[in-house]
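Q: Next come a sequence and a model predicted from it.
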Amino acid sequence: MYASDNFKPSEKWQLEYGLRLTGFQSGSNAYGGLEPRGAARYSLSPKTSLKASYALMYQYVHLVTNSGATLPTDIWYPSRLSVKPQRSQQVATGVSFLLGDGKYLLSNELYYKWAQNQVDFKDGAQLFVNPDLDTEFLFGKGWAYGTELYLEKKTGRTTGWIGYTLAWSKRKFPPQRGTSGINGGRTFYPNYDRRHNLTVVVLHQLTERLNLTGSFVYTTGNATTLPAGRFAVQEVFGDDLSAVPIYPDRNSYRLAPYNRLDLGLVWKLKPNRWFPESDLTFSAYNAYNRRNPYFVYFDQVRDGEDGPVTSYRARQVSLFPVIPAVTYNFKF
């Protein structure tokens, strides 16, 4: 349930504000909360404006991510008696300019977000075949901040935009539930922390019916946890040795950066009595076949075919090589 309003007290001021009531029930557990939000814009001139905003939000279903050296595991988990809803607040301020007789839009925004009741797995959590998964959770707080720069070309045969974000995301989980917390209660970066995020989109009209599109993305690699070494343990029965991994702080490694180029050619077909608008799109996803890392695992290196293990070699798993596609779109 929500209510919102847009109010212009003068030619220079524009205000947007609202209030939302949300609720969630899982079994016999019910939660709810009020979520106020507001934004203000002030026009310094016809081409320059300032803006600021505030929002409070609740999240009742939690995405909990395991970012270890095996297959990444994402679990959606509902709020219940032992897992409270997440709560966050965000403030932002920015400035925007119209340049070149309105052909270009340039904007820059700063934001800061802080959150409570963040959810993560404790070290050594048992994720599979566990009917009581919330016993593996720890709860803490988080915050994120950064700046977003945006440049758009709005008119002409060639249009598009460039967006760049410089951002930090952090979490802190103090000792609890008979554990030392995560990283002994020290601040760490979650696996979705992205220091740099760049997007470039270009659309060019070759002819009246033919359009060329291209998009490029680049992001800092995922933060992940990899073993820094291993030590040998003698088995109780037998002469075999077991290699036990030694882990450093949570998410103290970074995978290689992610980047990808997508290309497309859109051919607008002539209208007919069945479909007044239709087109054929020829596209290539990941056009230069970049093997972006999905996760890392370790292979054993042996001294000979059946010899003892001498070391471990990290292996990268990648998904989605270059994928061509043809799409037919129509409206009726």
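A: Yes, it's here. Computed from a predicted structure; not experimentally measured.

Q: Which stretches in the stretch 151-300 of the chain count as strands?
A: 158-172, 196-205, 210-219, 223-224, 229-234, 241-246, 253-254, 258-268, 277-285, 293-302 (DSSP state E, counting those that start in this stretch).

Q: What of the stretch 1-150 of the chain?
A: Here the stretch 1-150 of the chain has its strands, by DSSP E, counting those that start in this stretch, at 2-7, 13-26, 29-45, 48-59, 61-66, 73-78, 86-99, 104-121, 137-153.

Q: Mean pLDDT, distance to Pro293 and mean neighbour count for those - can I get that in a markdown table?
A: Just so you know, the C-beta spots here come from the backbone N, C-alpha and C atoms, and that holds for glycine as well. What follows is the strands of the stretch 1-150 of the chain, written out as a markdown table (pLDDT from 0 to 100; distance: least, C-beta to C-beta, whole Å; neighbours: other C-beta atoms under 10 Å):
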| stretch | mean pLDDT | distance to Pro293 | mean neighbour count |
| --- | --- | --- | --- |
| strand 2-7 | 97 | 41 | 10 |
| strand 13-26 | 96 | 35 | 14 |
| strand 29-45 | 96 | 37 | 14 |
| strand 48-59 | 97 | 28 | 16 |
| strand 61-66 | 84 | 16 | 16 |
| strand 73-78 | 82 | 16 | 13 |
| strand 86-99 | 97 | 28 | 16 |
| strand 104-121 | 95 | 21 | 17 |
| strand 137-153 | 96 | 23 | 17 |
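
Q: sorry, back to before: export the strands of the stretch 151-300 of the chain to CSV and tack on mean neighbour count?
A: Shown next, in CSV, are the strands of the stretch 151-300 of the chain (neighbours: other C-beta atoms under 10 Å):
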stretch, mean neighbour count
strand 158-172, 16
strand 196-205, 15
strand 210-219, 16
strand 223-224, 20
strand 229-234, 11
strand 241-246, 12
strand 253-254, 18
strand 258-268, 17
strand 277-285, 15
strand 293-302, 14
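
Q: Please tell me how far stretch 49-64 is from the chain's geometric centre.
A: From the chain centre to the centre of stretch 49-64 is a distance of 15 Å (C-alpha atoms, centre = their mean, to the nearest Å).

Q: My error: substitute stretch 123-133 in the last question.
A: That offset, for stretch 123-133, works out to 24 Å (C-alpha atoms, centre = their mean).

Q: Check the separation of the first and last residues in it.
A: 14 Å (C-alpha to C-alpha, to the nearest Å).

Q: Same check on stretch 272-292?
A: By C-alpha to C-alpha, one end of stretch 272-292 lies 43 Å from the other end.

Q: swap in stretch 290-306?
A: End to end - C-alpha to C-alpha - stretch 290-306 spans 35 Å.

Q: which outside residues touch stretch 31-41?
A: 13-25, 49-58, 60, 79, 84-85, 87 (C-beta atoms under 8 Å, 6 or more residues apart in numbering).

Q: nope, stretch 197-211 is what I meant
A: 157-165, 167, 212-220, 265-269.

Q: Quick check: the residue nearest the centre of the chain vs Tyr258, distance?
A: Nearest to the geometric centre of the chain sits Tyr192, at 5.5 Å (C-alpha atoms, centre = their mean). From Tyr192 over to Tyr258 the distance is 12 Å, taken as C-beta to C-beta, to the nearest Å.

Q: for Leu21, same thing?
A: To Tyr258, Leu21 is 38 Å away according to C-beta to C-beta.

Q: Leu133 too?
A: 29 Å.

Q: next one: Lys154
A: Look at Lys154 and Tyr258: by C-beta to C-beta, they are 28 Å apart.

Q: that older thread, can you convert the strands of the stretch 151-300 of the chain into a markdown table and add a column each for distance to Tyr42?
A: Supplementary listing: the strands of the stretch 151-300 of the chain in a markdown table, determined by distance: least, C-beta to C-beta, whole Å:
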| stretch | distance to Tyr42 |
| --- | --- |
| strand 158-172 | 23 |
| strand 196-205 | 28 |
| strand 210-219 | 33 |
| strand 223-224 | 38 |
| strand 229-234 | 57 |
| strand 241-246 | 55 |
| strand 253-254 | 40 |
| strand 258-268 | 37 |
| strand 277-285 | 40 |
| strand 293-302 | 44 |
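
Q: JSON lines please, covering those strands and showing mean pLDDT.
A: JSON lines is the format used below for the strands of the stretch 151-300 of the chain (pLDDT from 0 to 100):
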{"stretch": "strand 158-172", "mean pLDDT": "97"}
{"stretch": "strand 196-205", "mean pLDDT": "97"}
{"stretch": "strand 210-219", "mean pLDDT": "97"}
{"stretch": "strand 223-224", "mean pLDDT": "90"}
{"stretch": "strand 229-234", "mean pLDDT": "84"}
{"stretch": "strand 241-246", "mean pLDDT": "83"}
{"stretch": "strand 253-254", "mean pLDDT": "92"}
{"stretch": "strand 258-268", "mean pLDDT": "96"}
{"stretch": "strand 277-285", "mean pLDDT": "95"}
{"stretch": "strand 293-302", "mean pLDDT": "88"}
